[in-house]
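Visitor: Give me coordinates for this.
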Amino acid sequence: MTSLQLLQQIFSLQSKGDKHYAAGLFPSHRFHLHFPFEREDNNIFFTASIVFILQNLREKLSEEEQNLADEICNKAITNYPDYKNKDGLDTYNFWRTDGSPHFPNGKILSHLNKVRIPDDADDTSLIYLTSNPSREKVLWLKEKLVQHANLSKKQIANTFPEYKNLKAYSTFFGKNMFIEFDVCVLCNILYFVFQNKLELNQHDHDSIFFIRSVIEKGQYLQKPFYASHSYPSKHVILYHVARLLEKFQVPGLSEIKTNVVADLKMLFENEKDEMNKIILSTSLIRLGAKSNKVGIVNPDKQANQSWSFFHAGLLTAFENPVTYKLAANSHFHLKYSCEAHRLALMLENDIYFD
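Guide: Sure, this is the predicted structure:
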């Protein structure tokens with residue numbers, strides 16, 4: 001399948017507007033590994049992630065492909081206001097903030113306030129990175145991140161013990177929300193920081209230290225959930241780290257590029273899953289290493305469609321040590337799939353090998 005065909009397929013998956021998805025959104029599903037459960041989920045995360053990929057690929061596309069990518073992105077971005085903070089602040093939520101239920105189309109979770117999540121730094125960073133915000137808003141968000149960082153008001157409980165005194169950024173906003181360190185979320189926050197040429201502070205340096213340390217110590221390989229609650233996959237973690245290192249010289253992190261490449265090569269050689277191989281392959285090319293292209297014979301096959309990039313941990317909000325140990329178990333995870341995002345990752349890999 002050519003890059004144009006992949007783009008056309010992504011375009012065909014973009015909603016024209018129906019009972020589940022507003023026009024411009026990309027359909028996604030949450031499902032469970034061990035139970036026959038699947039729900040339509042109209043989050044903004046996958047839509048913003050696809051826009052981020054397409055915008056970053058734009059200069060590498062042909063004129064025809066650029067026009068199609070621009071059309072996809074412009075339609076997607078019109079949905080951002082529906083996910084803006086319910087009180088008018090310039091942060092964004094995973095789900096709509098107009099009174100629509102969290103865990104949409106759910107029969108149980110959408111009625112439980114304990115699992116309702118506040119706005120988060122991950123979606124907010126992706127939306128800022130793809131929507132050309134004013135300098136005033138960028139500076140406001142940087143200060144907002146500081147206000148919710150570890151030790152600003154609370155101390156993190158759910159991380160490796162040696163990191164509890166780091167002043168790293170937390171995943172979530174919200175006055176009473178627990179503090180969480182997530183390698184992938186921190187990579188997206190730092191991408192926002194470096195893209196906007198913001199002065200680094202202690203929170204940035206401690207966030208960088210957390211990422212570097214879990215890579216150097218191999219903690220993300222041994223216990224990926226504890227390194228990244230929302231992306232508990234060593235392959236996806238390295239994808240985020242490589243994406244950041246490709247674009248910016250990050251002081252304190254660029255020095256471990258050799259470690260990252262070595263881990264990418266090791267994982268690629270032993271990986272069987274096609275989608276995991278694709279993101280590992282792209283990451284190697286990003287960092288200037290050699291890799292074999294992953295040939296997808298049938299991109300629509302079921303094994304690929306059920307691949308998950310993002311997870312929702314049902315017990316991560318509980319800071320009890322016993323509960324937190326249970327939180328790593330896949331029985332307490334909801335996985336998310338998005339066919340258009342999967343195709344965007346394939347497109348990214350295809351373009352990087354051109």
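
Visitor: As a check, name the ranges of all strands in this protein.
Guide: 29-31, 38-40, 310-313, 333-337 (DSSP state E).

Visitor: can I get those in a markdown table with mean pLDDT and mean neighbour count?
Guide: C-beta coordinates here come from the backbone N, C-alpha and C atoms, glycine included. Formatted as a markdown table, the strands of the chain follow (pLDDT from 0 to 100; neighbours: other Cβ atoms under 10 Å):
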| stretch | mean pLDDT | mean neighbour count |
| --- | --- | --- |
| strand 29-31 | 90 | 20 |
| strand 38-40 | 90 | 16 |
| strand 310-313 | 84 | 22 |
| strand 333-337 | 88 | 21 |
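
Visitor: Break down the stretch 1-150 of the chain into its helices, ranges please.
Guide: Along the stretch 1-150 of the chain, counting by DSSP state H, counting those that start in this stretch, helices occupy 3-13, 45-57, 63-77, 121-131, 135-147.

Visitor: Show me what the second one is packed up against.
Guide: In this case it means helix 45-57. helix 63-77, helix 121-131, helix 339-352 (3 or more Cβ pairs under 8 Å, 6 or more residues apart in numbering; DSSP states H and E).

Visitor: got the buried residues for the shortest one?
Guide: To tie it back to what came earlier, the one meant is helix 121-131. Going by neighbour count (16 or more other Cβ atoms under 10 Å), the buried part of helix 121-131 is 121-130.

Visitor: so that helix versus helix 63-77, what angle?
Guide: Interaxial angle of helix 121-131 relative to helix 63-77 (axes from the mean of the first three to the mean of the last three Cα atoms, to 10 degrees): 130 degrees.

Visitor: Alpha carbons of helix 121-131, as PDB, please.
Guide: In PDB, the C-alpha atoms belonging to helix 121-131 read as follows (Å, rounded to 0.1, in the frame of the first residue of the first chain):
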ATOM      1  CA  ALA A 121      -1.300  17.200  30.400                       C
ATOM      2  CA  ASP A 122      -1.100  14.600  27.600                       C
ATOM      3  CA  ASP A 123      -4.100  15.600  25.600                       C
ATOM      4  CA  THR A 124      -3.400  19.300  26.400                       C
ATOM      5  CA  SER A 125       0.200  19.100  25.100                       C
ATOM      6  CA  LEU A 126      -0.900  17.300  21.900                       C
ATOM      7  CA  ILE A 127      -3.600  19.900  21.200                       C
ATOM      8  CA  TYR A 128      -1.300  22.800  21.900                       C
ATOM      9  CA  LEU A 129       1.300  21.200  19.600                       C
ATOM     10  CA  THR A 130      -1.200  20.900  16.700                       C
ATOM     11  CA  SER A 131      -3.200  24.100  17.000                       C
END
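
Visitor: who touches it?
Guide: 44-45, 48-49, 51-52, 55, 73, 77, 80, 83, 91-94, 137-138, 141, 145, 148, 169-173, 182, 184-185, 188-189, 191-192, 195, 230 (Cβ atoms under 8 Å, 6 or more residues apart in numbering).

Visitor: Give me the mean pLDDT for it.
Guide: Confidence for helix 121-131, expressed as mean pLDDT, is 98.

Visitor: Can you report how many residues lie near the residue lying closest to Asp263 once chain neighbours are set aside?
Guide: Nearest non-adjacent residue to Asp263, counting by Cβ to Cβ, 6 or more residues apart in numbering: Leu238, 6.2 Å away. The burial count assigned to Leu238 is 26, neighbours taken as other Cβ atoms under 10 Å.

Visitor: isn't Leu238 right up against Val260?
Guide: Yes - shown here, Leu238 and Val260 form a contact pair, counting by Cβ atoms under 8 Å, at 6.4 Å.

Visitor: Can you check which residues contact both of those two?
Guide: Common neighbours of Leu238 and Val260 (Cβ under 8 Å, 6+ apart) are Ser283.

Visitor: got any ranges where the protein has weak pLDDT?
Guide: 101-116, 296-306, 314-315, 317-320 (pLDDT under 70).

Visitor: change it to 50
Guide: The model of the chain has pLDDT under 50 over residues 111-112.

Visitor: Quick one: buried ones out of the contacts of helix 121-131?
Guide: Neighbour counting with 16+ other Cβ under 10 Å marks 44-45, 48-49, 51-52, 55, 73, 77, 80, 83, 91-94, 138, 141, 145, 148, 169-173, 182, 184-185, 188-189, 191-192, 230 as buried within these.

Visitor: Would you map the helices across the stretch 151-300 of the chain?
Guide: Going by DSSP H, counting those that start in this stretch, the stretch 151-300 of the chain shows helices at 183-195, 202-216, 219-222, 224-227, 234-247, 257-270, 274-286.

Visitor: Now distance to Leu7 too, for the ones you listed, in a markdown table please.
Guide: What follows is the helices of the stretch 151-300 of the chain, written out as a markdown table (distance: least, Cβ to Cβ, whole Å):
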| stretch | distance to Leu7 |
| --- | --- |
| helix 183-195 | 23 |
| helix 202-216 | 32 |
| helix 219-222 | 32 |
| helix 224-227 | 31 |
| helix 234-247 | 20 |
| helix 257-270 | 26 |
| helix 274-286 | 16 |
